[in-house]
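In: This is the structure alone, sequence omitted:
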């Protein structure tokens with residue numbers, strides 16, 4: 001093996017060392033994705049998803065060729081490594097990869113427009129004297145209009161650094177908002193242990 005020096009770029013992730021720690025960025029990857037989608041000159045969106053809109057598996061016409069949709073959704077999944085802010089929106093888009101429809105493609109394009117406005121966001125990993133593990137979780141009760149299952153999410157911090165996060169549809173239907181929240185807490189605790 002040969003020593004290639006200090007790590008600065010790996011699998012589309014740029015790593016910059018600072019006196020406070022490290023900065024991980026996928027700016028170039030996001031730019032290439034926007035270029036591939038033909039959206040380099042699009043107007044940015046303030047949020048990655050419209051929280052008032054509930055996507056359904058049956059709304060709108062099927063896409064004639066779902067290959068492009070699947071390609072963008074997969075690329076967006078990779079971007080969640082340094083953009084936890086899009087994790088929930090990307091999870092929602094990936095739910096419909098088997099049979100994507102026009103509203104689902106609109107969601108993917110909105111996420112891309114959001115990325116256009118947040119290209120300079122990056123993940124900062126700082127040196128921390130605390131080693132406490134803290135987890136936060138949340139759930140939307142019966143948020144899916146098709147299955148009435150809840151979506152839960154969590155994020156886990158080690159000291160001041162975000163180290164793990166997820167947004168996922170729960171496997172069963174919860175009978176109450178409290179049950180949905182308990183399931184979200186259980187997923188977060190399982191991740192911590």
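Out: Received the coordinates, thanks. Keep in mind that this is a model prediction, so the values were computed, not measured.
In: was I right about residue 156 contacting residue 134?
Out: Yes - counting by C-beta atoms under 8 Å, residue 134 is a contact partner of residue 156 at 7.2 Å. C-betas here are computed from N, CA, C, even on glycine.
In: which of these two has more neighbours?
Out: It is residue 156, of residue 156 and residue 134, that has more neighbours when counted by other C-beta atoms under 10 Å, with 19 against 12.
In: Tell me if the more buried one really is in a strand.
Out: Yes - counting by DSSP: H, G, I helix; E, B strand; the rest coil, one finds residue 156 located in a strand.
In: and residue 138, which of the three is it?
Out: With three-state DSSP as the basis, residue 138 sits in strand.
In: cool, and residue 131?
Out: Three-state call for residue 131 (three-state DSSP): coil.
In: Look up how far residue 100 lies from it.
Out: 43 Å (C-beta to C-beta, to the nearest Å).
In: Between the two, point out the one with more neighbours.
Out: Looking at residue 131 and residue 100 with other C-beta under 10 Å, you find the greater number of neighbours at residue 100, namely 26 against 7.
In: Excluding chain neighbours, give the residue nearest to the more buried one in space.
Out: Nearest non-adjacent residue to residue 100, counting by C-beta to C-beta, 6 or more residues apart in numbering: residue 69, 4.3 Å away.
In: helices or strands next to the helix or strand the one you found falls within in the packing?
Out: Using DSSP states H and E, residue 69 maps to helix 67-79. Here helix 67-79 touches helix 27-36, helix 87-94, helix 102-117, going by 3 or more C-beta pairs under 8 Å, 6 or more residues apart in numbering; DSSP states H and E.
In: quick one: low-confidence parts of this protein?
Out: By pLDDT under 70, the weakly predicted segments of the chain are 1, 193.
In: per-domain residue ranges of it.
Out: Segmentation of the chain into domains, based on automatic domain parsing, reads 9-117, 130-192.
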